[in-house]
Each structure stands twice: as C-alpha cells, then as structure tokens.
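Colleague: Sequence first, then the predicted structure:
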Amino acid sequence: MRVCLFSEGSTESKLLLGNKGAELAEMKRLGLTVPPGIIITTDAWREYKTNRTLSEDLKTEITEKLKVIEHESGKTFGAQSNPLLVSVRSGAPVSMPGMLDSILNLGLNDVTVIGLIEQAHNETFAYDCYQRFVSSFGRIALGIPGDKFEEIVEKYGRKSNLKSNWNLPVNVLKDLVTEYKALVERETGKQFPDDVYDQLFLAVGAVFDSWFSQRAVTYRQAQNIPNDLGTAVLVQSMVFGNMGNDSGTGVMFSRDPSTGEKRMYGEFLLNAQGEDLVSGVRTPEPIDSLREKLPEIYDQLARICKTLEKHFRDMQDTEFTIEKGKLYVLQTRSGKRTSQARARIAFDMYKEGIISKEDAVSVIRSIPLQELTVRQKDPRIKLQTLAKGLPASPGVATGVVVFDSNEAVRLSEEGKKVILFRPQTSPEDIRGILVAEGVVTARGGMTSHAAVVTRSYGKPCIVGCEEIEIDVAAQRFEVKRGQSQTIAVAKGDIVSVDGTEGLVILGEIQQVTQSVSEYVKELLT
C-alpha cells in the first residue's frame with residue numbers, strides 16, 4: 001500500500017505508516033479532533049529511493065486521495081476561493097525528533113493567498129503564512145541555504161527597527177515574499193513554483209530525501225535505528241495557530257520527562273505555528289499559564305492527556321494547535337525522558353494499574369544502573385553564577401565553552417569535555433549535542449528540539465537563558481550585571497551547567513552523586 005487515509009490505518013502498521021501516521025489513525029479512532037489527512041507510506045519511500053523521483057502513478061494516487069481531504073475540510077486545493085493548504089510532514093516508524101523535514105502552509109501562491117485573506121479576514125496572517133512557506137520550501141525542497149533567507153529578514157528587521165523578526169507588519173511580510181522569490185530565482189535559475197501540485201510533489205520528494213541527510217544518519221547511528229526503515233509522509237489539512245491571540249501552538253507531556261512526576265508538563269505560544277516552538281526561535285510560556293489565558297483549552301488538554309496515556313499505556317508527548325479557540329491534536333508519541341523519569345513513570349504506572357509488574361520490571365532492567373543517579377553540585381560550596389535559564393534536563397557538567405558543533409566534535413576527539421552554547425539549536429547541531437557534556441541555548445523552551453534530544457541522552461540542558469548574549473562570530477558570550485559591569489566568557493573558558501536548577505556557573509564545580517530514589521529501590525527488589 002502506497003497511500004492510505006487515516007481511517008484505514010492502525011497502530012499495528014507502524015512499519016508501513018510510520019509512528020506519526022499510525023498514532024494519528026488511532027487518535028482519530030478515539031474520537032479526538034484530528035485535521036483530515038493522508039499517509040504516503042514507507043512502501044512509497046522504498047520505491048522512491050531507487051530513482052529519487054515520484055512515479056506518475058504515485059502522483060495520481062496522491063491526487064485522488066487528496067480529494068478526500070478536500071471533501072472533509074470543505075476546501076479546495078489550489079482554488080482562489082476557500083483554498084486548502086496542507087502540511088507535508090515526515091513520519092518515520094521510530095521517532096526521530098527534528099531530524100527529518102516538514103513543510104507547512106503548502107498550496108500558497110499569488111492567487112490562493114487572496115483566498116486565504118478572504119477566508120480569515122486577516123491580511124497579516126495570510127502573508128505571514130506565505131513568507132513562511134516560501135522560505136521553508138526554498139530551504140527544504142529547493143536546497144537554498146537557510147542563512148540566505150535569514151539575511152533578508154534580518155535586513156528588514158534592522159531597517160524597520162524591529163525588536164523581533166516573528167511579529168512583522170504586513171507591508172514587510174509582502175516585501176519578504178517578493179525578496180524570497182527573487183532569491184529562489186537567483187539561486188535556482190527558475191521561478192518559484194506557483195502550481196500547487198508541483199509544490200506538493202517536490203515537497204513529498206524532499207521529505208523522503210531528508211531520510212538521507214547527515215543529521216538523520218548521525219541520529220540513527222547514535223540510536224541504533226536501521227537505515228532501511230525509511231519514512232512515511234503525512235499530507236494533512238493545515239490548522240493555524242497564528243491567527244491571533246485566540247490561536248496558538250504547543251507541546252504537552254502527560255508527565256514530567258525530567259523527573260517523571262505525574263503532572264501535565266509542556267509549553268505553548270499564542271499566535272504562532274509549531275515550528276516557532278520546536279525550533280527554539282522563540283521562548284514559550286509554560287503550559288500552566290494556558291489555564292489562565294484559555295481555561296477551556298487547558299481543561300480539554302488535561303482530559304486528552306489522561307485518554308492518551310490510558311490508551312497507549314505510556315507517557316505521551318503530544319503536539320497541538322489552537323485555531324480561533326478550537327483545539328486540534330496533531331501528533332502523539334511515547335515521550336523521550338531521562339532514565340530517572342523512565343524508572344519513576346514505570347513505578348507509578350504500575351501502582352496506578354496502567355501497566356503490569358512485569359512491564360515495570362522490564363523497564364528497570366533496560367536502564368544501566370549508573371543512569372539512575374543524577375550528578376548534583378555540592379550545596380556547601382559557594383559558586384559564581386553567571387546566568388539562569390529554564391532547567392530542561394537535570395544534572396551537572398563542566399567543560400570548555402564552544403559555540404559550534406563541529407568545534408565541539410573536534411575538541412571532544414582530543415579528549416576535552418565541552419559545553420555547547422548556541423543562540424538556539426537546529427537539527428544540524430545533533431553531532432555537537434552528542435559529544436557535549438551539556439547544552440545551553442539563549443532562546444527556546446523545554447520542548448524544543450535541543451531540550452528533547454539532550455534530555456533523551458541524559459545530559460544537562462538549559463534553554464531560554466536570555467541573560468546571556470551570544471556572539472557566535474566573536475566566539476564569546478556576555479552577561480550584564482547592572483548598569484556598569486559586563487562579564488565576558490570566550491571560547492575555551494571553563495564553565496559548568498546545572499540543568500536541575502537552570503544555572504550557568506563560571507569555572508569548575510565540585511559534584512556529588514544523588515542517592516537512588518525509593519521508587520527505584522522498590523523496582524530493583
């Protein structure tokens with residue numbers, strides 16, 4: 001089977017549908033609000049990888065199945081009136097967070113953007129989607145370096161004296177679309193594709209191709225994931241979190257992935273799309289704040305947490321979008337967590353009757369004993385704290401400061417311990433994260449790619465550390481102390497990080513080992 005509907009899928013078919021597609025099919029069966037979509041299966045990927053092109057009969061099959069999305073959404077792909085926009089997302093059989101590509105807002109051109117304005121009654125929103133699409137499509141499907149798009153938006157930010165590049169006025173958004181398209185023509189020698197089906201087929205091929213990217217290969221090697229699994233592709237009706245302050249995007253875990261505590265854990269951004277959150281370009285708000293801003297949505301999420309955890313019998317990592325006050329669930333998967341959290345969750349779920357004693361014991365047997373303790377700083381020693389950020393992954397580490405993933409790899413090969421500092425991480429930083437003792441980002445939240453990947457490796461991580469100003473070109477960061485004092489830290493200086501409290505500390509610190517918790521002791525017996 002090469003293309004199927006969500007209603008035709010099940011969790012028993014993860015190798016064919018991919019983890020994301022199978023879970024979406026299951027959530028639809030549970031009655032959750034899932035945007036309509038289709039799954040282009042790993043069988044299609046295996047066919048594609050031989051010649052790296054989509055066959056004409058596969059294109060026809062995709063086109064026919066797309067009519068079901070049109071029918072369910074009440075919108076038409078490529079139409080001027082009430083146009084359908086889609087996301088084209090990866091979905092491997094084994095979760096690979098941030099390692100494979102996705103393209104959102106696909107189906108926009110100079111005609112359909114007018115229909116989107118009429119549909120939403122919001123010109124700024126429509127052109128925000130348009131510039132996002134041209135930029136991501138140019139990077140992912142056409143192979144144009146992302147920094148060329150970033151240079152353009154930074155130029156407009158400076159010219160308009162804007163403090164951020166994510167909340168731009170409509171005249172700037174229109175200019176960005178024009179300049180991005182001119183960039184595409186300069187780089188490729190061709191005009192940006194206006195035909196929405198050309199866009200779709202190029203995007204599907206690009207997502208298939210991302211399986212072969214260096215970052216994906218590196219991640220699979222580190223996680224012992226077979227190279228021949230391939231990825232499915234999900235084509236799904238867009239829902240929009242960037243339609244105002246009654247819209248937003250978020251990620252929630254049904255339990256704390258750092259400690260295992262039974263509480264809803266996550267983050268959200270209002271008036272944003274999912275990439276803003278997981279990429280780390282903006283620092284989000286904690287999920288508890290949603291209770292005050294959109295209490296009905298918060299209550300729905302709490303109920304969904306319980307439903308998914310009970311059904312899948314594991315802690316869940318769930319992505320959602322709110323469009324004009326309506327909640328949509330976009331993805332769920334078993335959440336990545338620290339070894340300490342893995343043990344506590346297994347113990348608690350056994351006590352709650354969600355999993356059997358045998359299941360809990362099998363979890364503890366799979367964890368190396370040394371990973372069931374967390375390194376903590378000695379509380380008796382006075383330390384020079386430089387800055388405080390969000391504690392994304394617990395533990396303490398010391399190393400030399402680096403600002404580049406390639407440099408982190410080089411120094412680690414020389415036997416040096418490194419702490420990786422980045423303004424925000426991208427999936428390309430996976431090699432640096434793998435070798436670093438700890439990771440610090442100036443922007444981003446505790447559900448960003450950096451936090452999720454670093455946490456899964458049990459390394460301390462601090463995100464959203466906005467007190468530090470990182471200058472990658474100068475290979476240094478600065479921390480301001482009041483009006484007169486500035487502390488500068490350069491590449492090669494020694495610092496420590498405390499991921500439990502979110503502290504960046506100057507110099508090396510003494511460490512102690514936390515004793516094994518009571519629930520781990522009981523599981524071990």
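Modeller: Good, I have the coordinates.

Colleague: For the stretch 301-450 of the chain, which segments are assigned as helices?
Modeller: For the stretch 301-450 of the chain, applying DSSP state H, counting those that start in this stretch gives helices covering 339-351, 357-365, 405-413, 430-435, 449-456.

Colleague: Lowest-scoring secondary structure element of this protein by mean pLDDT?
Modeller: strand 511-513 (a mean of 71; mean pLDDT, DSSP states H and E).

Colleague: what's near enough to touch the spatially closest residue to G78 that is not a sequence neighbour?
Modeller: Leaving aside its sequence neighbours, G78 sits nearest to V196 (C-beta to C-beta, 6 or more residues apart in numbering; 4.0 Å). C-beta coordinates here come from the backbone N, C-alpha and C atoms, glycine included. By C-beta atoms under 8 Å, 6 or more residues apart in numbering, V196 lies in contact with 77-78, 106-107, 109, 112.

Colleague: again, only using 6 Å
Modeller: 77-78, 107 (C-beta atoms under 6 Å, 6 or more residues apart in numbering).

Colleague: got it, and T441?
Modeller: 280, 422, 424-425, 450, 463.

Colleague: Could you do V88 as well?
Modeller: 103, 106, 203, 207, 235.

Colleague: Which members of those are positioned in helices?
Modeller: 203, 207 (DSSP state H).

Colleague: and the contacts of V88 as JSON lines, adding neighbour count and distance to E70?
Modeller: Shown next, in JSON lines, are the contacts of V88 (neighbours: other C-beta atoms under 10 Å; distance: C-beta to C-beta, whole Å):
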{"residue": "I103", "neighbour count": "25", "distance to E70": "19"}
{"residue": "L106", "neighbour count": "23", "distance to E70": "14"}
{"residue": "A203", "neighbour count": "27", "distance to E70": "17"}
{"residue": "V207", "neighbour count": "26", "distance to E70": "21"}
{"residue": "V235", "neighbour count": "24", "distance to E70": "12"}
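
Colleague: Could you single out the nearest of the contacts of V88 to P145?
Modeller: I103 (16.4 Å; C-beta to C-beta).

Colleague: Can you tell me how far the closest one is from F208?
Modeller: 12 Å (C-beta to C-beta, to the nearest Å).

Colleague: need the contacts of T441 in a markdown table with distance to P379, can you?
Modeller: A markdown table is the format used below for these (distance: C-beta to C-beta, whole Å):
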| residue | distance to P379 |
| --- | --- |
| G280 | 31 |
| R422 | 29 |
| Q424 | 31 |
| T425 | 30 |
| A450 | 27 |
| V463 | 24 |
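
Colleague: Tabulate those (TSV), appending distance to Q483, neighbour count and pLDDT.
Modeller: As requested, those are exported to TSV (distance: C-beta to C-beta, whole Å; neighbours: other C-beta atoms under 10 Å; pLDDT from 0 to 100):
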residue	distance to Q483	neighbour count	pLDDT
G280	30	27	68
R422	28	24	94
Q424	28	20	86
T425	32	28	79
A450	32	33	76
V463	27	32	93
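
Colleague: now for those residues, which pair is the farthest apart?
Modeller: R422 and V463 (9.9 Å).

Colleague: In the protein, where is pLDDT below threshold?
Modeller: 157-166, 280, 380, 513-515 (pLDDT under 70).

Colleague: can you pull out the strands in the stretch 51-200 of the chain?
Modeller: Ranges of strands within the stretch 51-200 of the chain are 76-77, 83-84, 86-91, 102-106, based on DSSP state E, counting those that start in this stretch.

Colleague: Would you tell me which one of the contacts of V88 comes nearest to A92?
Modeller: For the contacts of V88, the nearest to A92 is V207 (10.4 Å; C-beta to C-beta).

Colleague: Could I get the contacting residues of that closest one?
Modeller: 88, 90, 101, 233.

Colleague: Select from the residues you listed the one having the most neighbours.
Modeller: Highest neighbour count within the contacts of V207: V233, with 31 neighbours (other C-beta atoms under 10 Å).

Colleague: ok, and the closest non-adjacent residue to that residue?
Modeller: In space, V233 is closest to I40, 4.3 Å off (C-beta to C-beta, 6+ apart).

Colleague: One more: M96?
Modeller: Per C-beta to C-beta, 6+ apart, closest to M96 is Y219, 5.7 Å.

Colleague: Would you confirm that that neighbour contacts M99?
Modeller: Yes - here Y219 lies in contact with M99, judged by C-beta atoms under 6 Å, at a distance of 4.6 Å.

Colleague: burial measure for the nearest residue to K491 once chain neighbours are set aside, as a count.
Modeller: Of all residues not flanking K491 in the chain, Q475 sits nearest, at 4.1 Å (C-beta to C-beta, 6+ apart). Q475 has 16 neighbours, counted by other C-beta under 10 Å.

Colleague: Q475 against G492, yeah?
Modeller: No - in terms of C-beta under 6 Å, Q475 does not count as a neighbour of G492; the distance is 8.6 Å.

Colleague: follow-up on the earlier one: export the contacts of V88 as JSON lines, with columns for distance to K416.
Modeller: What follows is those, written out as JSON lines (distance: C-beta to C-beta, whole Å):
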{"residue": "I103", "distance to K416": "38"}
{"residue": "L106", "distance to K416": "44"}
{"residue": "A203", "distance to K416": "41"}
{"residue": "V207", "distance to K416": "37"}
{"residue": "V235", "distance to K416": "46"}
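
Colleague: out of the contacts of V88, who's nearest N171?
Modeller: L106 (24.4 Å).

Colleague: Now for that closest one: which residues touch it?
Modeller: So L106 contacts 86, 88, 199, 203 (C-beta under 6 Å, 6+ apart).

Colleague: Repeat the analysis, applying 10 Å as the threshold.
Modeller: By C-beta atoms under 10 Å, 6 or more residues apart in numbering, the contact list for L106 reads 77, 84-88, 133, 136-137, 141, 196, 199-200, 202-204, 235, 238.
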